[in-house]
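**Student:** I would like the atomic coordinates for the input below:
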Amino acid sequence: MSDDTMAPTTPAASPEATPAADALRDRRSVLRCAAMVALAGASAPLLAACGGSDEAGSGSSSAPASTAPTSAASSAPSSSASATSGSGGTVLGPVADVPVGGGKVFTDAKVVVTQPTAGKFKGFSAICTHQGNPVGSVEGGQIVCPFHNSHFSITDGSPVSGPAQTPLPAVNVAVQGSNIVQSA
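**Tutor:** Residues are numbered from 1 along each chain as shown. This next block holds a predicted model:
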């Protein structure tokens, strides 16, 4: 239905009715444009999320804003961590943050670090293999994805329960001093 069909159909409309109809038509145009802008803005991050992570993190200036902070967050600590860690790894956090028999989700790096037994640290991707949502916590000796309740083993990342059928990919981590570092 176009805006023209919404205008009064009587040619002898009162002078007061014409400004009101014009205001209504202008308001509809503004709302329609706002809806279009909102839809266009909302679709860009969704489309970016569907793309490959290798290309999105390449630092191109045309990347949507939703991917820029992710790549900036993962690359910025890497450069400062390489200077402090000495081996080129990214410092994730202190060893003290990862309890024995549990773990910690490092959301900025998208890594889960677990300590199944004292002194033995394991790293896994913090992205659930079911539908690509971020895992939320480590509870009761399992890595938990809050979106569809998939649970993964802190020992090897294998699915324990829920809809996920594939293990979380391993991530190389090491202890350097009092920090846990993600290495290449």
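**Student:** in the chain, which spans are strands?
**Tutor:** Secondary structure of the chain (DSSP state E): strands at 90-94, 102-106, 111-117, 120-125, 137-139, 142-145, 150-153, 159-161, 170-171, 173-176, 179-182.
**Student:** and the angle for the first one with strand 111-117?
**Tutor:** In terms of direction (axes from the mean of the first three to the mean of the last three CA atoms, to 10 degrees), strand 90-94 departs from strand 111-117 by 50 degrees.
**Student:** about what we covered before: need the strands of the chain in JSON lines (columns: distance to Q131).
**Tutor:** (Each C-beta comes from the backbone N, C-alpha and C, glycine too.) Output for these, formatted as JSON lines (distance: least, CB to CB, whole Å):
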{"stretch": "strand 90-94", "distance to Q131": "25"}
{"stretch": "strand 102-106", "distance to Q131": "17"}
{"stretch": "strand 111-117", "distance to Q131": "17"}
{"stretch": "strand 120-125", "distance to Q131": "14"}
{"stretch": "strand 137-139", "distance to Q131": "17"}
{"stretch": "strand 142-145", "distance to Q131": "9"}
{"stretch": "strand 150-153", "distance to Q131": "9"}
{"stretch": "strand 159-161", "distance to Q131": "13"}
{"stretch": "strand 170-171", "distance to Q131": "20"}
{"stretch": "strand 173-176", "distance to Q131": "25"}
{"stretch": "strand 179-182", "distance to Q131": "24"}
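**Student:** how about the ones you listed in TSV, adding mean neighbour count?
**Tutor:** Converted to TSV, those look like this (neighbours: other CB atoms under 10 Å):
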stretch	mean neighbour count
strand 90-94	20
strand 102-106	22
strand 111-117	22
strand 120-125	19
strand 137-139	16
strand 142-145	23
strand 150-153	22
strand 159-161	15
strand 170-171	16
strand 173-176	18
strand 179-182	23
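**Student:** Throw those strands into CSV and include mean pLDDT, thanks.
**Tutor:** Below are these laid out as CSV (pLDDT from 0 to 100):
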stretch, mean pLDDT
strand 90-94, 96
strand 102-106, 98
strand 111-117, 98
strand 120-125, 98
strand 137-139, 97
strand 142-145, 98
strand 150-153, 98
strand 159-161, 97
strand 170-171, 98
strand 173-176, 96
strand 179-182, 97
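**Student:** please parse the chain into its domains.
**Tutor:** Split into domains by automatic domain parsing, the chain comes to 3-50, 88-182.
**Student:** and the helices in the chain?
**Tutor:** For the chain, helices defined by DSSP state H occupy the ranges 17-50, 53-56, 67-85.
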